[in-house]
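[1] Just need the structure, nothing else, for what follows:
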Amino acid sequence: MSEYVVIKKFTDKEDKHKYAVGDRYPYRGFAKKERLEELSSKNNLRGEPMIEAKKAEKPKSEEKKTSEPKEEKPKRSNSKK
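    Model prediction:
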């Protein structure tokens, strides 16, 4: 199941918990699918989405490692003038 984050400050009508922007929804336990759909759409009392699915973050080990080009050392010439 996806995790959700609050995008608009609101007080939940079901348990009276106050949510601030950036909070995890629900703050404890699990929410019903219908409630998640209601809060993530315009089909709620405020008529605007209040939560959104949290974007999955890639673990650092999965991030593509870009190798920087190695600096080339100037070649020494062995010729004498």
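[2] Can you give me the pLDDT of the residue positioned nearest the centre of the chain?
    Among the residues of the chain, Lys55 comes closest to the average C-alpha position under CA atoms, centre = their mean, at 3.8 Å. Lys55 is assigned a predicted lDDT (pLDDT) of 80.
[3] Ser2 versus that one, what's the distance?
    10 Å (CB to CB, to the nearest Å). From N, CA and C alone the C-beta is placed, and that goes for glycine too.
[4] do Ala53 as well
    4 Å.
[5] And for Tyr19?
    17 Å.
[6] between those two, which one's more packed in?
    Tyr19 (21 against 10; other CB atoms under 10 Å).
[7] give me the beta-bridge partners of that one?
    Tyr19 has the following beta-bridge partners by DSSP bridges: Phe10.
[8] which residues touch it?
    Residues near Tyr19 by CB atoms under 8 Å, 6 or more residues apart in numbering: Val6, Lys9, Phe10, Thr11, Asp12, Tyr25, Tyr27, Met50.
[9] ok, now Gly47?
    No contacts exist for Gly47 under CB under 8 Å, 6+ apart.
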